[in-house]
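Undergrad: pasting the structure only:
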């Protein structure tokens, strides 16, 4: 038999979900920022040869794309989890 969670249990679950949402959003935004920086701000190649510099730029660009995509996915997942767990007003069925 399943029963509805108690108000205290529901609030604890909602608080845990909010913590998960905050973690996903902060981690996703951080990863998104690192990815964008890697794609648009090339690394300094002062002490490197031209081949090493080219490899560093290509690696940064490719890794930055993956980080940007992953960060965006984490932010979207956090937003979806927030939308699922937000408190909803009671239905007005008197109309």
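TA: Received, thanks. Just so we're clear, the structure is a prediction, and the values are computed from it rather than from any experiment. Numbers count the residues shown, from 1 in each chain.
Undergrad: Every contact and neighbour count from this point should use C-alpha atoms.
TA: OK.
Undergrad: so residue 73 touches residue 27, yeah?
TA: No. Checked against CA atoms under 8 Å, the pair residue 73 and residue 27 is beyond contact range at 10.6 Å.
Undergrad: residue ranges with poor pLDDT in this protein?
TA: Scanning the chain for pLDDT under 70 picks out 1-7, 92-95.
Undergrad: chain center to the helix or strand containing residue 52, what's the gap?
TA: Per DSSP states H and E: residue 52 is located in helix 50-85. Its chain's C-alpha centre and that of helix 50-85 lie 10 Å apart, by CA atoms, centre = their mean, to the nearest Å.
Undergrad: What is it packed up against?
TA: Helices and strands touching helix 50-85, by 3 or more CA pairs under 8 Å, 6 or more residues apart in numbering; DSSP states H and E, are helix 7-40.
Undergrad: buried residues in the helix it packs on?
TA: Buried residues in helix 7-40, counted by 16 or more other CA atoms under 10 Å: 14, 17-18, 21-22, 24-39.
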